[in-house]
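[1] sequence-free structure coming up:
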């Protein structure tokens, strides 16, 4: 099967970076359809519902973009660490702690002028998320403990810590449920409703808010950092060949720490969207799996901001459309879409070479014919 | 006397709680000794728990449920092998994919088939494993010391508990005393040398993964058809990762891995007993901190404060046969 050898230099970029990922995605979605069928529902109806739910009406589309915002952050978080060959599976915990950072900064400094509160809260989210990623990074680089296990453990520990804080320390004592008080309304990030009037659209409520622009800015930030700076080069060198990097005088320890801290910080920014933008308080378990979805987003987007944007949008469609499906189809729960994520990681990550040689050789042969003809 | 029976019940629950960890650690030893990283223990354990519970419910016999779980887990291991051995995909990515897929699939299918939020129906006594009372356990209870050890600690466990501790010497024997074990270790240390000796590296890794699938199925069945009488959402609760940490801490060796598993089991048994207890001088420890103890212990152990672990040399690298 793997005896087809293709000269990599002759493969056009769009075949390996567009066609092959699309084929892999299609395979993942076909198997997902099979699962929906096993669960006793019609997959084609489900696709129609997904498309209607995410594009069919303005509020649905706003929700799609709101989910996209979260997935850009967690997808970038995984991608940055991955360029240093680190598997940061701890986006979930880093986002949780990042949320704590936003909240603490915002509630304590809410007397400052508005844009400054926002800026400091964003820094708070980034720093708290980065701090939570620092310990696994340190243990990986100095003690050799595998970052996958430590970050998973830090997810569990973050969850325990946050429940403890929410129950015993920062809980809104007037409420039974474990969540904090709401932030003062003056410092909430403006939501899409505020702008919809200018665009001439009427919308009742949407969670989409200004954080979306922060997410787009993060895409540029990561692109610049990883591909245009000396540090990004060093980090990729460590990821690609640690021995060679050491030879070139690059410190793996320093780069592992920086890569993980930026990764954790980006995951922490999820807290800005959720707390400063949408719920205005910390609720138990608010990262709700976005951290894990980031893995699928990054792998589908081939760990590049240009790929992560459409991948995050696709997952936004799946999430928003998926909630429409769970509403209409009693046999489908939101966990079905967790399974779909698993399939996408499988086909576009682990099995990415399944049909790559065949597809690449097919296109190389066709292009050669055109040139010769 | 009350102190003694407290200790006895603590040891008793340690043995029970460590059981799935022991199976998973042994499963991990097979995969990783052959050079294949296996973070998917967590997902496979969860899948085994689901399949065993659903199988026993429909077939009316827990052994048939276990058999189904074994088949499904071996298939999942083969999938991991297909991605990471045959197609040379990233082994960690493949494991993460399997784990996320299983978390979603088990809960989604439980909801679709049984209509309860991620639960399978409760199994009756015929559909689940029951505790086994060793012979003369009641008669010997009154004998000092031996009575406590035999009747209160060793007797009255589920069949999986005995199987788990039995599996440790067997795994030791296979890995270190048979020619299969020698090849297994060689494939994980230096695959090209094994290839030169005319042994197929890919077949060896698939065989190791098959054994891995069989062993991990026992861990899952223990959770859903023995200690609990049904499957519930994410019931493996990180045990696959704990077992992997135990295995690394045990330096990929069955005996030391067993000790690490027992340490985790003991911490867990202790955390259950400590909940709500007032400690002298400290007072009541927050329940969340106690619950996080096994996870914190994992991080501390992995940080290698007790000596650095050295993995099989070829771990995580797909084998590329030279042409």
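    Noted; the coordinates are in hand. Please read all numbers here as calculations on a predicted model, not as lab measurements.

[2] measure residue B:129 to chain A for me?
    With distances taken as CB to the nearest CB, to the nearest Å, residue B:129 is found 27 Å from chain A. Every C-beta, even on glycine, is put in place using the N, C-alpha and C of the backbone.

[3] ditto for residue B:119
    Between residue B:119 and chain A the distance, using CB to the nearest CB, works out to 12 Å.

[4] so who does the residue nearest to that residue when sequence neighbours are not counted touch?
    The shortest distance from residue B:119 to any non-neighbouring residue, by CB to CB, 6 or more residues apart in numbering or on different chains, is to residue B:232 (5.3 Å). Residue B:232 is in contact with B:118, B:119, B:120, counting by CB atoms under 8 Å, 6 or more residues apart in numbering or on different chains.

[5] any weak-confidence spans in the stretch 51-200 of chain B?
    Residues of the stretch 51-200 of chain B meeting the criterion pLDDT under 70: none.

[6] how does it look with 80?
    B:116-117, B:135-148, B:151-152 (pLDDT under 80).

[7] can you tell me which residues in it are near chain A?
    Taking CB under 8 Å from any CB of the partner chain as the measure of proximity, the stretch 51-200 of chain B contacts chain A at B:82-84, B:86-94, B:96-105, B:107-109, B:111-113, B:117-118.

[8] drop anything exposed from the residues you listed.
    Among those, those classed as buried by neighbour count (16 or more other CB atoms under 10 Å in any protein chain shown) are B:82-84, B:86-87, B:89-94, B:96-105, B:107-109, B:111-113, B:118.

[9] which ones among those lie within helices?
    Counting by DSSP state H, these place B:91-94, B:96-105, B:107-109, B:111-113 in helices.

[10] and residue B:139, how close does it get to chain A?
    Per CB to the nearest CB, residue B:139 is found 44 Å from chain A.

[11] by contact count, what packs against whatever helix or strand that residue lives in?
    In this structure, residue B:139 is located in helix B:137-140 according to DSSP states H and E. Contacting helix B:137-140 under the criterion 3 or more CB pairs under 8 Å, 6 or more residues apart in numbering or on different chains; DSSP states H and E is no other helix or strand.

[12] residues contacting the next helix or strand after it, please?
    Remark: after helix B:137-140, the chain's next helix or strand is helix B:146-147, criterion DSSP H and E. Contacts to helix B:146-147, defined as CB under 8 Å, 6+ apart, come from residues B:140, B:141.

[13] residue B:318 and residue B:88 touch, don't they?
    Yes - because the distance of 3.6 Å satisfies CB atoms under 8 Å, residue B:318 is recorded as touching residue B:88.

[14] ok, residue 317 - contacts?
    You didn't pick a chain, so chain A it is. For residue A:317, the contact set (CB under 8 Å, 6+ apart) comprises A:50, A:51, A:54, A:55, A:64.

[15] hm, I was asking about chain B
    Residues near residue B:317 by CB under 8 Å, 6+ apart: residue B:35.

[16] again, only this time at 6 Å
    Contacts for residue B:317 were tallied using CB atoms under 6 Å, 6 or more residues apart in numbering or on different chains; there are none.

[17] look up how far chain A lies from it.
    For residue B:317, the distance to chain A - CB to the nearest CB - is 13 Å.

[18] can you pull the phi/psi pair for that residue?
    Dihedral pair for residue B:317: phi -100, psi 130, per degrees, to the nearest 10.

[19] equivalent analysis for residue A:174, please.
    phi -80, psi -10.

[20] how many neighbouring residues does it have?
    When neighbours are defined as other CB atoms under 10 Å in any protein chain shown, residue A:174 has 6 of them.

[21] could you do residue B:17 as well?
    Residue B:17, neighbours per other CB under 10 Å, totals 23.

[22] name the element the residue nearest to it when sequence neighbours are not counted belongs to?
    Excluding the flanking residues, the one nearest residue B:17 by CB to CB, 6+ apart is residue B:265, at 4.2 Å. Assigned by DSSP H and E, residue B:265 falls within helix B:254-274.

[23] run me through the strand neighbours of the helix or strand just after that helix, direction for each.
    Of the helices and strands lying after helix B:254-274 in sequence (DSSP H and E), the nearest is strand B:278-279. Strand B:278-279 sits in its sheet next to strand B:283-284 (antiparallel), going by DSSP bridges.

[24] and after the partner strand, which helix or strand comes next?
    Following strand B:283-284 in sequence, per DSSP H and E, is helix B:287-291.

[25] just checking, what packs against that following helix?
    Applying 3 or more CB pairs under 6 Å, 6 or more residues apart in numbering or on different chains; DSSP states H and E, we find helix B:287-291 packed against helix A:147-164.

[26] just give me how far the helix it packs on sits from the chain centre.
    Its chain's C-alpha centre and that of helix A:147-164 lie 18 Å apart, by CA atoms, centre = their mean, to the nearest Å.

[27] residue A:305 and chain B, how far apart?
    Residue A:305 is 20 Å from chain B, by CB to the nearest CB.

[28] could you pull out the helices for chain B?
    For chain B, the helices defined by DSSP H occupy B:2-33, B:41-59, B:62-81, B:91-114, B:137-140, B:146-147, B:159-177, B:179-189, B:191-196, B:201-222, B:239-249, B:254-274, B:287-291, B:293-302.
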